[in-house]
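Trainee: The following block contains a protein sequence and its predicted model.
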Amino acid sequence: MKSMTNVKRIAILAALLTASGVSACGKDDSSGGGGGPDGGDTSPAYLVGTRVWNDTLTTSYVHVVPSLDQATTIDPSKALEIGGSATLYSIPGLGWFAVGDAEKATFTRYTLSNDRKLVQQERISLQPQGVLKLWDTLYVVSPTKVYYPDPEGQQIIVINPTAMTVERTIKLPETARNGYLSVYGYGATMRDGKVIFTVGWFDWQQGDKVLGETGLVVLDTATDTVSRVDVDHRCGGITTPVLMDSGDTYFTSSALAAAAHKLGRLSTAPCSLRIKAGADAFDPGYVANLSDITSAQIVGEPIPAGGNSMFLRAFDESAGTVKPDDQTWKLTGQPVWQWLRWDVTTAKAERLADVPSGTADVLWFKVDNRVYGTESKSDNSSTTLIELTAAGGPKRALTAPGFLYGVTRVR
């Protein structure tokens, strides 16, 4: 598949492999902060980032909206337009946010004026650090320190977001695997002055394979040094952490990994690892085989569900098709993935009967302590947010033009 369809598919896969959201993944933009430059308007304001494809061209837009409710309308003529793929970054509670130009590897900080317009401030480039394109993940340490994970360069770039300066880099040669992209976790676990994140190894452009192991990197935030790099061979294809109310963090294989296993391109079956509350390493006594819990052979893609639960996506093999020479995206792109809720305390998974099946290509975002998934039209002409954790069951929220890649509250 060449042409525009392939361009879109690669772009969507790239979005999923930077995944799932604006701050990483943990994707938690629970609260904004600050008013306009003069401290005036303090009414709620959210940013919604979308992309539109035209032939081989990509154009990104950043919309300012007062609410994520279903009744909210978006006027594309008022959006900030960026040529190419843009990314959104924010620090919850601080009111700091930036727009990244993925292709130029630059961050531009913005503020919000009293008439709800984006006002450009400082800009920094990561090109001197060898960054070729931006991913949409940040690990927030403090108002003056964030870590930008650079998987292609096997490094962490330390940035002062307040001063908008690049401070240093942390090299991670231990995370390199020949022929694979080192996908650093979309979120990080913070424990006693440490930032802990996973590494999954994907070859999704050439061999369409996933490595059957997971790395765990432990960084000391006081010294910006690597404390330890572990490798666990029990589970592969992990990208996303889910923090439970218990304090335990679960790491579950992705839908791409589940598809790769079904096609014989990943040695480990869909599975989950955990780090117990207060610990900084994988629990050696715990690994969950998802097929035992869900009765599905192709299952994964964890999304927080609140409490001690997570949502999973399961491929309905009675409705979908699997051919031995398929690419993984041909499985993840079929609209036959069911929604499940897995309670890790009971080890039971139940299907969400009120949510229709769809593709596994679902980004998710946590805003105002609510978790949203996305539902895009087949041609990506529009995307609707689905509030997955709504009282009474999932409900539809805002609809945006184009493919929605980012949501964050900035005020």
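Mentor: Here it is on my side, so go on.

Trainee: how about the strands in the stretch 201-350 of the chain?
Mentor: Counting by DSSP state E, counting those that start in this stretch, the stretch 201-350 of the chain has strands at residues 209-210, 214-220, 225-232, 238-243, 249-253, 271-275, 288-289, 299-306, 309-315, 337-343, 348-351.

Trainee: Show me what the last one is packed up against.
Mentor: Counting by 3 or more Cβ pairs under 8 Å, 6 or more residues apart in numbering; DSSP states H and E, the packing neighbours recorded for strand 348-351 are helix 290-294, strand 337-343. Every C-beta, even on glycine, is put in place using the N, C-alpha and C of the backbone.

Trainee: Next: the third one.
Mentor: For strand 225-232, the contact count by 3+ Cβ pairs under 8 Å, 6+ apart identifies strand 214-220 as packing neighbours.

Trainee: For the strand it packs on, list every residue counted as buried.
Mentor: For strand 214-220, the neighbour count (16 or more other Cβ atoms under 10 Å) marks 214-219 as buried.

Trainee: Tell me which strands it pairs with, and in which orientation.
Mentor: Paired strands of strand 214-220, with direction, are strand 194-203 (antiparallel), strand 225-232 (antiparallel) (DSSP bridges).

Trainee: So which of the ones you listed is the most surrounded?
Mentor: strand 194-203 (a mean of 24; mean count of other Cβ atoms under 10 Å).

Trainee: Mind exporting the C-alpha coordinates of it to PDB?
Mentor: Only the C-alpha atoms of strand 194-203 are listed here, as PDB (Å, rounded to 0.1, in the frame of the first residue of the first chain):
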ATOM      1  CA  LYS A 194      14.100   8.100  41.000                       C
ATOM      2  CA  VAL A 195      12.400   8.100  37.500                       C
ATOM      3  CA  ILE A 196      11.700   4.600  36.300                       C
ATOM      4  CA  PHE A 197      10.600   3.800  32.800                       C
ATOM      5  CA  THR A 198      10.400   0.800  30.500                       C
ATOM      6  CA  VAL A 199      12.000   0.100  27.100                       C
ATOM      7  CA  GLY A 200      10.300  -1.900  24.400                       C
ATOM      8  CA  TRP A 201      12.000  -2.900  21.200                       C
ATOM      9  CA  PHE A 202      10.000  -2.600  18.000                       C
ATOM     10  CA  ASP A 203      10.900  -3.100  14.300                       C
END
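
Trainee: tell me the angle it makes with strand 271-275.
Mentor: Counting by axes from the mean of the first three to the mean of the last three Cα atoms, to 10 degrees, strand 194-203 lies at 160 degrees to strand 271-275.

Trainee: what is the rounded mean pLDDT of strand 194-203?
Mentor: The pLDDT scores in strand 194-203 average 97.

Trainee: Stretch 283-303 too?
Mentor: Mean predicted confidence for stretch 283-303 is 97.

Trainee: How about stretch 159-174?
Mentor: 97.

Trainee: Equivalent analysis for stretch 349-360, please.
Mentor: Here the average pLDDT along stretch 349-360 is 90.

Trainee: Extract the CA atoms of that stretch and return them as PDB.
Mentor: What follows is stretch 349-360, C-alpha atoms only, in PDB (Å, rounded to 0.1, in the frame of the first residue of the first chain):
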ATOM      1  CA  ALA A 349     -11.800  -9.200  33.000                       C
ATOM      2  CA  GLU A 350     -15.300  -8.300  31.800                       C
ATOM      3  CA  ARG A 351     -16.300  -7.000  28.400                       C
ATOM      4  CA  LEU A 352     -17.700  -3.400  28.100                       C
ATOM      5  CA  ALA A 353     -21.000  -4.300  26.300                       C
ATOM      6  CA  ASP A 354     -21.900  -0.600  25.900                       C
ATOM      7  CA  VAL A 355     -18.800   0.300  24.000                       C
ATOM      8  CA  PRO A 356     -18.800  -0.900  20.300                       C
ATOM      9  CA  SER A 357     -15.800  -2.700  18.900                       C
ATOM     10  CA  GLY A 358     -13.300  -0.600  17.000                       C
ATOM     11  CA  THR A 359      -9.700  -0.600  15.800                       C
ATOM     12  CA  ALA A 360      -6.800  -0.900  18.400                       C
END
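
Trainee: in that stretch, what counts as buried?
Mentor: For stretch 349-360, by 16+ other Cβ under 10 Å, it's 349, 351, 355, 357-360.

Trainee: just curious, which of these is nearest to residue 169?
Mentor: Residue 169 lies nearest to residue 360 out of the buried residues of stretch 349-360, by Cβ to Cβ, at 33.8 Å.

Trainee: ok, the closest one touching residue 301?
Mentor: Yes. Counting by Cβ atoms under 8 Å, residue 301 is a contact partner of residue 360 at 5.5 Å.
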